[in-house]
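> How does the following fold in three dimensions:
(2 chains)
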Number of protein chains: 2
Amino acid sequence: MTLALDAAAQDLLFREAHTANTFTDEPVTDEQMQAVYDLIKLAPTAFNQSPLRVVLVRSAEARERLVPLMAEGNQAKTAAAPLVAILAADNEFHEELPALLPHFPQAKELFFSERPVREQSAAMNGALQAAYFILGIRAAGLAAGPMTGFDFAAVQKEFLDDDHTPLMIVNIGKPGADAFYPRSPRLSYEQAVTTV
Amino acid sequence: MTLALDAAAQDLLFREAHTANTFTDEPVTDEQMQAVYDLIKLAPTAFNQSPLRVVLVRSAEARERLVPLMAEGNQAKTAAAPLVAILAADNEFHEELPALLPHFPQAKELFFSERPVREQSAAMNGALQAAYFILGIRAAGLAAGPMTGFDFAAVQKEFLDDDHTPLMIVNIGKPGADAFYPRSPRLSYEQAVTTV
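The predicted structure follows:
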């Protein structure tokens, strides 16, 4: 009643969605990934900087390079997931800013001429987009398995370059048998929210 | 067709939602904010660390303290918004970890005994939750106006403490007259996504 979002959508995105640890072998298509991206690209970032870059690990060869770089507890599920996405932040996002922010092209020079500033901004706004991406995967009727347990430096070296910092790796697919752990507790409203 | 999320929900959260720059004077209730929080608290963070903390700026006195700390271009809308939320990351989130991760309480000591590690993790996972929060505001049928144009150190000193780092400030309400700028371009799928 209090929310405008319908109950089915609340369930799909939040209430019945869980991080999946097993998957069926049903493929995840490029069409699905494009639909996810075309939805979540619309959600906001600061200065519309849109630093998220995604590497879809599709080939068996690439999967074989990735799995050993995962923490041991993440290797089996990353080997088995129908699709794996490496989410990264582009620290040179400012090169696209004049196109992304046509009413304020000066932002590129005014705010983002220094690399450390860009790295911090790309990490923050890339994380916002990673969250949109996780919900977008759920919006496609798929389960996401986001992970930060991997060798960040090795993944960057193997799949990215000096300008792209890994944010997380996400297993994607239809949940398989015993895919979900029981939901852990959350902080109450009173614990997380104060009013002044 | 490709997405499981119904079109109305896609519109509400992404396609027709925009960052609002003006608001009506219709109040935003505590019941609405609790419904938003109780939805978005379910979305994932690493180790379920849930570092997001929210300060709702409700009183006129608090609003008067906040507005001068905003960048000049953000002051008028922050003064006028029905509700303003300061989103922050709790760098001491590990104190709650044994309760949040009851099946793996050792995570507190194993992974988060060092403050710099916690700060980085809280910033990353707090940003994920900030993104969930923005979409949660939209799920309530409200418009969000997220801003990073403010004096971070001054907001931390005035409204938080040394353990809580500001992430962003969000104006919340029903969009008013001329609330939206035209949507800026987004990167295409081909620009943002590669396959290996």
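> Now A:Met33. Nearest residue, chain neighbours left out?
Sequence neighbours aside, A:Leu56 is the residue nearest to A:Met33 in space, at 6.4 Å (criterion: Cβ to Cβ, 6 or more residues apart in numbering or on different chains). C-beta coordinates here come from the backbone N, C-alpha and C atoms, glycine included.
> ok, that neighbour - contacts?
A:Leu56 sits next to A:33, A:83-85, B:193-196 when contact means Cβ atoms under 8 Å, 6 or more residues apart in numbering or on different chains.
> Are any of these buried, and if so which?
With burial judged by 16 or more other Cβ atoms under 10 Å in any protein chain shown, the buried subset of these is A:33, A:83-85, B:193.
> Among those residues, which one lies nearest to B:Leu12?
Nearest to B:Leu12 among these, counting by Cβ to Cβ, is A:Met33 at 22.4 Å.
> quick one, phi/psi of that closest one?
With angles defined as degrees, to the nearest 10, A:Met33 sits at phi -70, psi -40.
> do the same with A:Ala17
The phi and psi values for A:Ala17, taken as degrees, to the nearest 10, are phi -80, psi 140.
> Let's see stretch A:107-127 as CSV, backbone CA atoms only.
Extracted as CSV, the C-alpha positions of stretch A:107-127 are listed here (Å, rounded to 0.1, in the frame of the first residue of the first chain):
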residue,chain,number,x,y,z
ALA,A,107,32.9,19.3,-16.4
LYS,A,108,35.6,17.2,-17.9
GLU,A,109,38.3,19.8,-17.2
LEU,A,110,36.7,21.5,-14.2
PHE,A,111,36.2,18.5,-12.1
PHE,A,112,38.0,15.5,-13.5
SER,A,113,41.4,16.6,-14.8
GLU,A,114,43.2,14.7,-12.0
ARG,A,115,43.5,10.9,-12.0
PRO,A,116,43.0,10.3,-8.3
VAL,A,117,39.8,12.3,-8.3
ARG,A,118,38.6,10.2,-11.3
GLU,A,119,39.5,7.0,-9.6
GLN,A,120,37.5,7.8,-6.5
SER,A,121,34.6,9.0,-8.5
ALA,A,122,34.7,6.0,-10.8
ALA,A,123,34.7,3.6,-7.9
MET,A,124,31.8,5.3,-6.2
ASN,A,125,29.7,5.7,-9.3
GLY,A,126,30.7,2.4,-10.7
ALA,A,127,29.4,0.8,-7.5
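> In it, which residues are buried?
Judged by neighbour count using 16+ other Cβ under 10 Å, the buried positions of stretch A:107-127 are A:107-108, A:111-112, A:118-119, A:121-127.
> which one of the contacts of A:Leu56 is nearest B:Leu42?
A:Ala85 (21.5 Å).
> How about the secondary structure of A:Gly145?
Going by DSSP: H, G, I helix; E, B strand; the rest coil, the secondary structure assigned to A:Gly145 is strand.
> from memory it sits against A:Thr19, does it?
Yes: at 5.5 Å, A:Gly145 and A:Thr19 qualify as touching, with contact defined as Cβ atoms under 8 Å.
> And the two? Which one has more around it.
Higher neighbour count among A:Gly145 and A:Thr19: A:Gly145, with 25 against 20, using other Cβ atoms under 10 Å in any protein chain shown.
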